[in-house]
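>>> Predicted model follows, preceded by the sequence.
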Amino acid sequence: MSQRIIYQIDDGFVITAVVPSGVDADQFAATVVPEGGSYQIVNVLGDVRVIYPTDDGGVAVLVPADGLLTIEQIAAKDVPAGKPYKVVDVSEIPTDRTFRGAWEYAE
């Protein structure tokens, strides 16, 4: 997961800055956002998916939207109560959906 800082400057332009890997987003924002300015930290989740078993033995694949929630918060909100889940890299999801009904969830 990567993060971006979004803030607006005086002339109305909205600026997006990518938070460097391994750097605290709030500390980074302090270096790029004008003093006294407000900002939001947006989680960029394009490379991850949440998978969990369905009641009929298949696998549900949750595609999270980028936003203010972390992947863990999205899973807690969207995975049915009591279901185990995994956060996986998008490369682990088969691209051929022909036999998607036969996919199985393994812990």
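Good, I have the coordinates. Residues are numbered from 1 along each chain as shown.
>>> number of nearby residues for the closest residue in space to residue 41 that isn't next to it in sequence?
Leaving aside its sequence neighbours, residue 41 sits nearest to residue 25 (Cβ to Cβ, 6 or more residues apart in numbering; 4.6 Å). In short, each C-beta sits where N, CA and C put it, glycine included. Residues near residue 25, counting by other Cβ atoms under 10 Å, number 18.
>>> Let me see the contact set for residue 25.
Residues near residue 25 by Cβ atoms under 8 Å, 6 or more residues apart in numbering: 3, 5, 19, 41.
>>> For it, give me the backbone phi and psi.
phi -60, psi -40 (degrees, to the nearest 10).
>>> again with residue 16
Dihedral angles (degrees, to the nearest 10) for residue 16: phi -120, psi 130.
>>> OK, contacts around it?
Here residue 16 is in contact with 4-6 (Cβ under 8 Å, 6+ apart).
>>> Next one: it from residue 10, what distance?
Distance, residue 16 to residue 10, by Cβ to Cβ, to the nearest Å: 17 Å.
>>> just to revisit the earlier point, could the contacts of residue 16 go into JSON lines alongside neighbour count?
Formatted as JSON lines, these follow (neighbours: other Cβ atoms under 10 Å):
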{"residue": "4", "neighbour count": "17"}
{"residue": "5", "neighbour count": "21"}
{"residue": "6", "neighbour count": "15"}
